[in-house]
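1. A predicted structure for the sequence below; I have some questions about it.
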Amino acid sequence: MTGFSDSAQAMSLVAFSAVATITLLLCVMTGPDRDDLDEFYTGYSSLSAMRNGLAMAGDYISAATVLGTGGVIALCGYDGIVLALSTVLSLMLLMFLLAEPLRNAGLFTMGDALARRMPGRAVRIAACLVTLAALLPLMLVQLAGTGQLLAFILGFSGDSLKTGVIIGLGILMISYAAIGGMKGTALIQIMKIVMLLGSGAVVAVLVMNRFDWDLAALFDTAARQSGVGPAYLRSGLEFAGGPYPRLDMIASQLAVVIGGACLPHVTMRMYTASSARQVRRSMSWAVSSVAVFVLIITVVGVGATAMMGRAVIAEADPQGNTAYLLGSRAVFGPEVSTGETFLFTTVTTALFLTLLASVAGMILACANSLAHDVFAARARSMPAHREILLARVSALAVGVPTIFLATLIQHRTLQPLVILSFCVGASALAPALVYSLFWRRYTRTGLLCTLIGGTLTVLLLMPGTNLVSGSPVSAFPEADFNWLPFTTTGLVSIPAGFLFGWLGTVISGRRKAEEQRRQYEAVEGWILAGAVRRG
């Protein structure tokens, strides 16, 4: 049914094995060779602006973005393209508003950035817990989707084989984070983004060539093949089943734009820049790379619908997660040459590497936060070798439960977990960062209220959304406890996160607020202008 030939499947399997071996070897070769925290956490900030920017783009473009966004573009047309553009806007928001202050205020983790003006274990522990709450769902989605994706490409269907793939790749990803540290995972991210953009650009060129480089013809054909006619090219198709489609779309875009910019595995790349100038140049490379990717995935996603039809894509996967692969295969036509088989293998290998790199980066962010913000913060002067050992053990402690949970949920619809991550980023981390970096009177109580209140609001509201129950494509289609008429919690939880921070600061009292104002003024030069670097 997928149209993938035996030779393409065999070549893909060989390529996957080679990539896994080579990347693990590169992690061993480039990983830290001494007990130095700066080397493990930031790679001595030794990457050039271009390489650091490509690594940022690699961290930002997860497998969920490639497969999920490509699927929404293929199935929903206009709404999917707006979603893809929102990912670029999110990174631009990070670039212009938060990147430099984050690089100046932070050291290794999100906890460092938040504790710069409000030191204390409570702040660091809360930052670590929110980091885990934001990244664990995304890791589950990508690990659980790995088994389904490889089964689709390689043509096997046994549940035991899918589970074995999840376990094997999970162990590989833990190894990347524990052995390679920041520099090793950065190298994998760079390889991933170069392969993803290179192979995708060739496929996009082939799609455009098939339609004689007429963009209007591509979109008109996709609209005809979509089964919904002109609605494919208008707003509202993705949320047409809900009672408030316009509000639902706004809430979803807010969650992506605000939440995507603040996820800890993305912000940790700010700390690897050696200067304010370099972080600006790195972000320019990252934004440019993501913008090119959005163009590629738009052409390939719309092309998949134009060449195959929306019904075929939905039949292969109701969420359209295989649309990018199907579009890449369909562009070659029924007869595939050896060169085309090689190109398709490059596309599948790029996706495989995207899965590996994305989860490895997230495991590293969680492990670093556990080791640095929770364990090392308990001791007044923990030796560097012990903290690095703790970070590596933490990678194992985060990775093993993630693998176990991923094997349990692999047959469920995983979209609610993606939305959960973005909503936690938008409702807890974004308000905390904005207030911490820019509001002089912000207090420790306000910060804790933002982190805890924003996260709990998302966790309480998320089960009531229509992604969890109440529809055939929800995570629990057999149940109906849907009471929130939206796909995301953003419309309620994002204002709530900012409100909790304001209320927490108000109830702290005028004296505390004045103390924090004076403390902020003492570090304002560090945060906003980088006048002093890492005290």
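-> Sure thing, it's come through. A quick note: this is a predicted structure, and the numbers were derived from the prediction, not measured. Numbers count the residues shown, from 1 in each chain.
2. ranges for the strands of this structure?
-> Applying DSSP state E to the chain gives no strands.
3. Low-confidence stretches in the stretch 1-150 of the chain?
-> 1-5, 33-35, 43-45 (pLDDT under 70).
4. Now do the helices in it.
-> Counting by DSSP state H, counting those that start in this stretch, one finds helices in the stretch 1-150 of the chain at the ranges 6-30, 37-42, 49-60, 63-64, 70-76, 78-93, 99-105, 110-115, 121-154.
5. same deal with the stretch 151-300 of the chain?
-> For the stretch 151-300 of the chain, applying DSSP H, counting those that start in this stretch gives helices covering 159-175, 181-210, 215-225, 245-262, 264-267, 276-308.
6. Quick one: distance of the second one to the chain centre.
-> In this case it means helix 181-210. Distance of helix 181-210 from the chain centroid (CA atoms, centre = their mean, to the nearest Å) equals 16 Å.
7. what helices or strands is it leaning on?
-> helix 6-30, helix 37-42, helix 49-60, helix 215-225, helix 276-308, helix 323-330, helix 338-369 (3 or more CB pairs under 8 Å, 6 or more residues apart in numbering; DSSP states H and E). For glycine as for every other residue, the C-beta is placed from the backbone atoms N, C-alpha and C.
8. Now render those helices as a markdown table, adding mean neighbour count.
-> Listed next are the helices and strands packed on helix 181-210 as a markdown table, based on neighbours: other CB atoms under 10 Å:
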| stretch | mean neighbour count |
| --- | --- |
| helix 6-30 | 16 |
| helix 37-42 | 22 |
| helix 49-60 | 26 |
| helix 215-225 | 17 |
| helix 276-308 | 23 |
| helix 323-330 | 27 |
| helix 338-369 | 24 |
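9. Now tabulate those helices in JSON lines and tack on distance to Val458.
-> JSON lines is the format used below for these (distance: least, CB to CB, whole Å):
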{"stretch": "helix 6-30", "distance to Val458": "34"}
{"stretch": "helix 37-42", "distance to Val458": "28"}
{"stretch": "helix 49-60", "distance to Val458": "21"}
{"stretch": "helix 215-225", "distance to Val458": "35"}
{"stretch": "helix 276-308", "distance to Val458": "25"}
{"stretch": "helix 323-330", "distance to Val458": "28"}
{"stretch": "helix 338-369", "distance to Val458": "18"}
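10. in the protein, which segments are predicted with low confidence?
-> 1-5, 33-35, 43-45, 379-380, 530-535.
11. Can you tell me the closest non-neighbouring residue to the residue nearest the centre of the chain?
-> Centroid-nearest residue in the chain: Ser62, 4.6 Å away (criterion: CA atoms, centre = their mean). Once flanking residues are discounted, Ser62 sits nearest to Ser358: 4.1 Å by CB to CB, 6 or more residues apart in numbering.
12. cool, and Pro137?
-> Leu417 (3.7 Å).
13. Hmm, Leu138 and that neighbour touching each other?
-> Yes - the pair Leu417 and Leu138 qualifies as a contact (CB atoms under 8 Å) at a distance of 7.1 Å.
14. nearest to Ile363, of the helices of the stretch 151-300 of the chain?
-> helix 159-175 (6.0 Å; CB to CB).
15. returning to that earlier point: can you pull the contacts of the residue nearest to Pro137?
-> Pro137, Leu138, Leu140, Val141 (CB atoms under 8 Å, 6 or more residues apart in numbering).
16. Pick the one among the residues you listed closest to Arg51.
-> The closest of these to Arg51 turns out to be Leu138 (CB to CB; 23.9 Å).
17. what residues are up against the closest one?
-> Ser62, Ala64, Leu263, Ser358, Met362, Leu417, Val418, Ser421.
18. how about a cut-off of 7 Å?
-> Under the criterion of CB atoms under 7 Å, 6 or more residues apart in numbering, the neighbours of Leu138 are Ser62, Ala64, Met362, Val418, Ser421.
19. Which two of the residues you listed have the greatest separation?
-> Among those, Met362 and Val418 lie farthest apart (CB to CB), at 12.7 Å.
20. Any idea how many residues pack against the residue lying closest to Asp36 once chain neighbours are set aside?
-> Closest residue to Asp36 apart from its sequence neighbours, by CB to CB, 6+ apart: Ala384 at 6.2 Å. Counted with other CB atoms under 10 Å, residues neighbouring Ala384 total 15.
21. go on, Ala240?
-> Neighbours of Ala240 (other CB under 10 Å): 12.
22. State the distance from the nearest residue to it once chain neighbours are set aside to Ala223.
-> Once flanking residues are discounted, Ala240 sits nearest to Ala231: 7.9 Å by CB to CB, 6+ apart. Counting by CB to CB, to the nearest Å, the gap from Ala231 to Ala223 is 8 Å.
23. likewise Leu263?
-> 34 Å.
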